[in-house]
Structure formats: C-alpha cells, structure tokens
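Q: quick one, structure for this:
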Amino acid sequence: MNPDDQTFANRVAAVNPLLAPDPEGRSLRQRLAERPGGKSPATLKRYLKRIREEQTVLALQKRPRQDKGSLSAFSPELLAEAIRLREEEPRRLTKIILDHLKADPRFASEAKTVALSTLSRHLRQRGKNRRALKKETKGYRRFEHPYPGSLLQFDYTDGPYLPDPDRPGKRRKTQLCVGVDDHSRMCVALRAYWRGNWPSLEDASRHAFATWGLPKRIFVDNGKVFCAHNYERILTELTVGLIHRTAYYAPSGGKIEALIGTVQEELFPDLSRADIQRLDELNGVLSEWAYRYNRRIHTETKQAPLDRWNANPQHLRVVDPVRLAEAFWWVRTPKVTKTGLISVNGVEYELDLALCGQKVQARYDPFDPTGTVRIVDQNGKLWGAYKPREAFPADNGRGKGAPTKVERPPLSSAKDYVARLAATGRGRTAPVPVTPSDATAPELSQANRLIHLVASYLLRPELTPVERQAVVAVCQELVSVRFETAEAALRRLVAKAGRDLHIGRYTATIVDAHRKEGQP
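A: Okay, here's the model as predicted:
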C-alpha cells in the first residue's frame, strides 16, 4: 500500500468511532480522552473539524505542499549557476560546486547559508547529479554475417557438478565449451570438460572444424585460454582469422551469450539433479540436446539453424583430415643435450646424436596415447618420429581443478528426462545417404554403404557434409572397399578410443587395414 494511503486509512480508523453517537451517552470530551487510534485529543479535534468543513472523510487525505518544487533556501540564479558548474564538469563534487559559489562575488553572501544536502537534492531532482550525467546513451547496431562459416563464436560457461574421478566421494564442477555460427545460429560446439583450459579448447575446436568445416574467422573474448600462442598458430596454419572482443564491450558477444543462456535455462535444472556419474554421459546428453536445437525454429531467424546452414553451402571450406590433425599438434622447442636427449612435458626422448646442442621443434598430438613426437631441426628438415623412453603422462599437462561439494539429492524426474534424451540419441542410427557429384555409379553405391557403416559405429543419425566427403575420398582412394575389413577396423578403434574422435582417425584406420591386407 502507498504510504499516503496507509496514513489516510489510519486517520479514518481513529476518527470513525467519534462520528457515530455513543451508545453509553458519553460526551465527546470523555471519548477524546480515551485517545482512539493513539491520536491526541487536539489531533482528533482537527480531523473532526476538517470533516465538518468539507462534509467528507476524504478531507483526512494527506495534502500536498503548496510550495513543493519551489526554491525557498536560495535564488533561482544560484541554482542555475550550480547547474552550469555541474554540466561544465560532470565529475565535480557538489561540495566543490558550493565552494565555487562562495568564491563568486555574485553569490558569496547567499551561498554561505546554503546547506550542502539542500543543493544536492535540487540538483538530483533536476537530473544533474553526477551519476545521471556520467551515463552516456549508446546505441548498438545489430550485425549478422552474410553466410554460414563466415564467423564462429566460442565461449566457456560453468557446467553441472559430477563425481570427481580423482577424488572418490567428492564432486567437481565441469566447464562447457560452447560454439555458435553467427549467420545460422547453428550450435557447432557443446562439450563438457573438467577444466576450461587450452587442451579443452583445442579438442572442441578440432571437433567443430572436422564436423562443420573451416570457418573464415573465430570471434572470442579476451580470456587467457583464447590468447594462447598455440591457438593463434593453429588458426594461422588453417588460414582462419582470430578476432578478440573489445574489452568491456559485452554486447558484441550477444549470440554466444544467448545460446549459453538457452542451455542454462533448458538443461541445467535437470542436469544438476539427474545423478549423472561420468563426463561421457554428460557429453552424450549435450550432443543430443544440440541435435534437437539445430533442428527447431529459431525465434530470431524464423528458421531452423540446420536449414539456414544448408541453404548456403558454397562458402563452406572442407578441410583435409590429415592437415587438420597436424595443425593441432602441439609444438615445443627443447634443446638437445650432449647425450641426444630432449624433454617434452617431463617425458624424455632419445634423438640422433647429430642434433646434439641444437634447438629442435618437437611436434606432437597431446591426445596420442603413444606420446610420439616428430622432430624438425632449425633448417626445417624432418628427422622422423620418436617414441618416449618412458610412459607418456596420463594427463598430458592438463592439470586438475579444485573439487566442490554439492549436497542436493538426485531427482527421479530429472533422471527420467536425461534418460529420454540419451535413449533418443542412441535410437537414431540410420544415416541419410548423400550423392557426391563427382562419383561414378559403382563408387556411389560403395560410398553410401561405407557412410552407413561409419555412422552406425559412431551412433550418429547422419554424417555431416564434411564427414561424408571424407568417407567418399576413402572410397576413391581404395577403389574397391572390403567392408568386412572396414567393419573390423572400426570395431577395434571404437573399442580402444571411443566414438568422439574426428572423422580422419576412422577413415585412416580403414585405409591402414586395407593396406595391411594387401589391398590397393
């Protein structure tokens, strides 16, 4: 209730017993002495007089001041000068403005009697306080790149808590790497990691590039992970531009922030109560959610992101799987000791003694469990691949994060929701065949069969255009595909490394298996 309305109600409640005749026949003086409503007799008499004069209880409403807004403490000329001093320098304190007025011969005598709070109040009422003047009205122009793949935006956000595999009984917060295409609003990356560090950004970017092709530019903020020299080197090798947001200018990242907000609103309430135990389970749910998101109508574009992506495919850049894998190798420049040894991430390698004393370039895949590095000398000569003298570290320098305890119990409804998402994703195993324009009739039938085979082992409803082209390239290279050999090779690789590798690893495995059996 409005304070003025509450005051009016209290006054009416206090005077109401006095308006009706007293059943006991007491005089008005006796009734006033009882102080109904806690009011004094003089106050009650004033209320009754106002009611008699105006013939209505509305006379008890609080009356506005007649001189409200007018100047009584100082002249309008002094206030105008104070406003001029504030507009001249918006950062100037009211105290300093008053000092200026006291030093001005025109207002010296008058300013000595002006209270600082009174001057501040009048400046604030007229919108001339420092906070109001410091606010600059800015306009933000909306932008959208003209075609798919022209600009991808990446960012991180906190994910749900999962059981920490390194500390039984403890829970640990995950980090989600999210990517969106600026033109189509396609969700090109949505993966969970234990840490939002460089290895996780590398893995998410590699999956996005292998699945959707190379973008023209990448748009990221100024976080430490996005400023890594390795990331700049990789994008340079792949001819992808890197753009950082302007510092303290959040509106430029509106599309990626909107996608993150959608993920948090739709998924997080159930994910946090679904009792998910492993990171790969969480990634399976995220993958299924992204599949559905890319196929539903976007509120801004009025089209499904996948339809908008496929409507303009001529700008998409297909990347060679081998080139992509080599671009994401890490690079170190250790110095070879007198005994021909180098150390990379704490692992020793024994090189040729001809390299002793030189600084060499060690290039390696941080996700390769064998820990093999390729050595390039100062002249750019490749000396070959070398394996470590000891086991490659299990964490590859990724490190560990601080666990955090979460005590909220699982919900059966959240478990059912996440289970339905996971079950829906596992149920889609029939890929949609795509006809390559440059294939002959035998190659076409063979390519479609191999596309179906690869998609079924990856538990994917369909392969992306980039992945299908990679499979067609394998068929053209082998000429005649032995599907029993291809299936056995895929089965071994999936059992050993899982289904989250980029398509180049699976196609390379099929080619290697055929070559070992003496195929072309």
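Q: can you tell me how far residue 247 is from residue 467?
A: 38 Å (Cβ to Cβ, to the nearest Å). For glycine as for every other residue, the C-beta is placed from the backbone atoms N, C-alpha and C.
Q: so which of the two has more stuff around it?
A: residue 467 (26 against 7; other Cβ atoms under 10 Å).
Q: now do the same contact list for the more buried one.
A: Residues in contact with residue 467 (Cβ atoms under 8 Å, 6 or more residues apart in numbering) are 210-211, 454, 503.
Q: what about those, which are in strands?
A: Among the contacts of residue 467, DSSP state E puts none in strands.
Q: and for residue 170, the neighbour number?
A: Residue 170: 15 neighbours (other Cβ under 10 Å).
Q: that one contacts residue 161, doesn't it?
A: No - taking contacts as Cβ atoms under 8 Å, residue 170 lies outside contact range of residue 161: 9.7 Å.
Q: okay, and residue 72 sits in which element?
A: Under DSSP states H and E, no helix or strand contains residue 72.
Q: any idea how far residue 122 is from it?
A: 11 Å.
Q: in this protein, which spans are strands?
A: Under DSSP E, the chain gives strands at 152-163, 171-181, 187-193, 217-220, 241-244, 330-332, 341-344, 347-350, 361-364, 373-376, 382-386.
Q: any chance of TSV for those strands, columns mean neighbour count, mean pLDDT and distance to residue 411?
A: Shown next, in TSV, are the strands of the chain (neighbours: other Cβ atoms under 10 Å; pLDDT from 0 to 100; distance: least, Cβ to Cβ, whole Å):
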stretch	mean neighbour count	mean pLDDT	distance to residue 411
strand 152-163	21	93	13
strand 171-181	22	94	16
strand 187-193	24	94	20
strand 217-220	20	94	35
strand 241-244	13	92	40
strand 330-332	16	86	42
strand 341-344	18	90	46
strand 347-350	17	90	45
strand 361-364	20	88	44
strand 373-376	21	90	48
strand 382-386	13	88	51
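Q: may I see the buried residues of stretch 510-520?
A: Across stretch 510-520, burial judged by 16 or more other Cβ atoms under 10 Å covers 510-511, 513-514.
Q: the residues you listed in helices, which ones?
A: Per DSSP state H, helices hold the following members of those: 510-511, 513-514.
Q: between these, which is closest to residue 323?
A: Nearest to residue 323 among these, counting by Cβ to Cβ, is residue 511 at 15.7 Å.
Q: surely that closest one touches residue 478?
A: Yes - using Cβ under 8 Å, residue 511 is in contact with residue 478, at 6.7 Å.
Q: run the chain-centre distance for stretch 300-319.
A: Relative to the centre of its chain, stretch 300-319 is centred 22 Å away, using Cα atoms, centre = their mean, to the nearest Å.
Q: contact partners of it?
A: So stretch 300-319 is contacted by 147-150, 181, 183-187, 209-210, 212-216, 238, 293-298, 465-466, 469 (Cβ under 8 Å, 6+ apart).
Q: out of those residues, which end up buried?
A: Buried among the contacts of stretch 300-319 (16+ other Cβ under 10 Å): 147-150, 181, 183-187, 209-210, 212-215, 238, 293-294, 298, 465-466, 469.
Q: out of these, list just those in helices.
A: Those of those lying in helices (DSSP H): 209-210, 212, 293, 465-466, 469.
Q: now, the most widely separated pair of those residues?
A: Farthest apart among those by Cβ to Cβ are 293 and 469. That separation is 24.4 Å.
Q: residue 322 contacts residue 504, correct?
A: Yes - counting by Cβ under 8 Å, residue 504 is a contact partner of residue 322 at 6.4 Å.
Q: quick one: which of these two has more around it?
A: With neighbours defined as other Cβ under 10 Å, residue 322 and residue 504 compare such that residue 504 has more, 19 against 11.
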